[in-house]
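Novice: Output the structure for:
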Amino acid sequence: MGVNNMFQRNVILGGAVLWLTACGVPLVGEAILKTDQETYAPGSSVKLLLRNDSLQVLGYNLCMSSLQRDEGGTWTVVPPPGRRICNAAQYNIWPGVMSDESLHALPGTLPEGTYRYVTNVDWDGERQDVASNTFRVAPAEAP
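Specialist: Sure thing, here's the model as predicted:
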């Protein structure tokens, strides 16, 4: 997509957002957090992707996502195995766009179970937690 086409797209999108705002249409839509697989072995890497299905820019930082385990219907945070260094920056995703992937290493001692990731997003100053799809952690099958 050329620079001129990108500029035209942004102008049209910006005009549509202003028009919808004037009409009272809420701009907060949905942020969708997804993993790349449904089952992982302990110690493997999870790819997280965030998609902005709204009409406004979405702020995020997937490095700050937390891992949670389902314990009988209650989600509890899994403490990280060590230090993870994250850039203290907020990135932006335009409406209808998907983030770059973020890799998260699962602890090698993670017990079998159902898990999810939760991240915090920003909708023009409004904070919201977004949970990923659930996934299973199970030992790798022997060949």
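Novice: drop to CA atoms for contacts and neighbour counts, all remaining ones
Specialist: OK.
Novice: the helices in this structure, which residues?
Specialist: Secondary structure of the chain, counting by DSSP state H: helices at 3-22.
Novice: Tell me where the chain has strands.
Specialist: Remark: strands assigned in the chain by DSSP state E are 30-35, 39-40, 45-53, 58-60, 66-71, 74-77, 91-93, 102-105, 113-123, 126-131, 135-137.
Novice: Residue 122 touches residue 60, doesn't it?
Specialist: Yes - using C-alpha atoms under 8 Å, residue 122 is in contact with residue 60, at 6.4 Å.
Novice: Comparing these two, which residue is more hemmed in?
Specialist: A count of neighbours by other C-alpha atoms under 10 Å puts residue 60 above the other of residue 122 and residue 60, at 21 against 18.
Novice: Identify the bridge partners of that one.
Specialist: Per DSSP bridges, the residues bridged to residue 60 are residue 91.
Novice: Where does the prediction get shaky in this structure?
Specialist: Counting by pLDDT under 70, the chain shows low-confidence ranges at 1-29, 142-143.
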